[in-house]
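> quick one, what's the 3D model for this:
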Amino acid sequence: MKFALVTGGSRGLGRAICLQLARENQYHILLNYHSNDSAAGEVQKEIEASGLRCELLKFDVSDPDAVGATMEEWKKKNPDAVIEVLVNNAGMTKDGLFIWTNQKAWDQVIKTSLDGFYQVTQSVLKEMLQKRYGRIINMVSLSGLKGNPGQVNYSAAKGAVIAATKALAQEIGKRKVTVNAVAPGFIHSDMTAEFDESELKKLIPLNRFGEAEEVANLVSFLASDKSSYITGEVININGGLYS
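Numbers count the residues shown, from 1 in each chain. So this is what the prediction gives:
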């Protein structure tokens, strides 16, 4: 039985990615989430209504003990299951000018994106290498490419994951495991709900914010055999918005 593991999969981009990987790629889903039980349950119901499995894994991606224990327990219960796809989507923002950024706001953002990438990827990579097949897709951001004022911590976290994507892709390409990153611009989601869309869309050549489903379509492609000769890439999906 083939699974895709999506971190931060209960809402927003994560939710759209879970649904699309089930619908388009016919993967059973391992949905990781941190706290929102009801939102995770709704995604689970929607996927299972289509005849596929969706298992909920509640843990903090930056906590090595929680990641290790949860993943080991799941593997023991599902010895014949294979995790072919990992989408490192979990992330958080604590925006503010750098001079006012305290240690907690710095640590939380860095740990969720960067330590989360490390902990969860470590938990599935050995099996991918043994099977000589895998797709690792890291959700990054326009902020990690060009930087964003008020997001020094977030830009640092996503920039680090971009660099890690390129390095890991070179390490494991011979094992037919690809590693790519997806860098969304302004996408309708909880994270952009407070943004001034009417002003910001003037900066975007396509003159609109993107939809979560559009990002999920790109992830679905990278998770498929159609992307087998693409690795180490950062693919922008931002309506043409560049620095």
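
> going forward, measure contacts and count neighbours with C-alpha atoms only.
Will do.

> now do the phi/psi pair for the nearest residue to Ser228 once chain neighbours are set aside.
Leaving aside its chain neighbours, Ser228 sits nearest to Thr178 (7.4 Å; criterion: Cα to Cα, 6 or more residues apart in numbering). With angles defined as degrees, to the nearest 10, Thr178 sits at phi -100, psi 150.

> count the residues that sit near Thr178.
Here the count is done by other Cα atoms under 10 Å, and Thr178 has 28 residues near it.

> what does whichever helix in the chain runs longest contact?
Criterion DSSP state H: the longest helix present in the chain is helix 152-172. Contact with helix 152-172 is made by 92-95, 97-98, 105-106, 109-110, 113-114, 117, 129, 138, 140-141, 143-145, 147-148, 177-181, 231-234, as judged by Cα atoms under 8 Å, 6 or more residues apart in numbering.

> mind doing that once more with 6 Å?
Contacting residues not belonging to helix 152-172 are listed as Trp106, Ile110, Ser113, Leu114, Val140, Ser143, Gly144, Gly147, Val179, Gly232 [Cα atoms under 6 Å, 6 or more residues apart in numbering].

> can you tell me the element the nearest residue to the third one once chain neighbours are set aside falls in?
Here the nearest residue to Ser113 in space, its sequence neighbours aside, is Gly91; by Cα to Cα, 6+ apart that works out to 5.1 Å. Of the helices and strands defined by DSSP states H and E, none includes Gly91.

> from the contacts of helix 152-172, which land in strands?
Among those, DSSP state E puts Val179 in strands.

> which of the contacts of helix 152-172 sits closest to Ser189?
Distance to Ser189 across these (Cα to Cα) is lowest for Val140, with 14.8 Å.

> surely that closest one and Gly185 touch.
No: if you go by Cα atoms under 6 Å, Val140 and Gly185 don't touch, sitting 9.7 Å apart.

> who has more neighbours, the two?
Neighbour comparison, Val140 and Gly185: the larger count goes to Val140, with 31 against 21 (by other Cα under 10 Å).

> how many neighbours does the residue nearest to Ser113 have?
The tally of other residues near Gly91 (other Cα under 10 Å) stands at 22.

> separation between Asp65 and Ala4?
21 Å (Cα to Cα, to the nearest Å).

> between the two, which is the more surrounded one?
Using other Cα under 10 Å as the criterion, Asp65 and Ala4 rank with Ala4 on top: 26 against 13.
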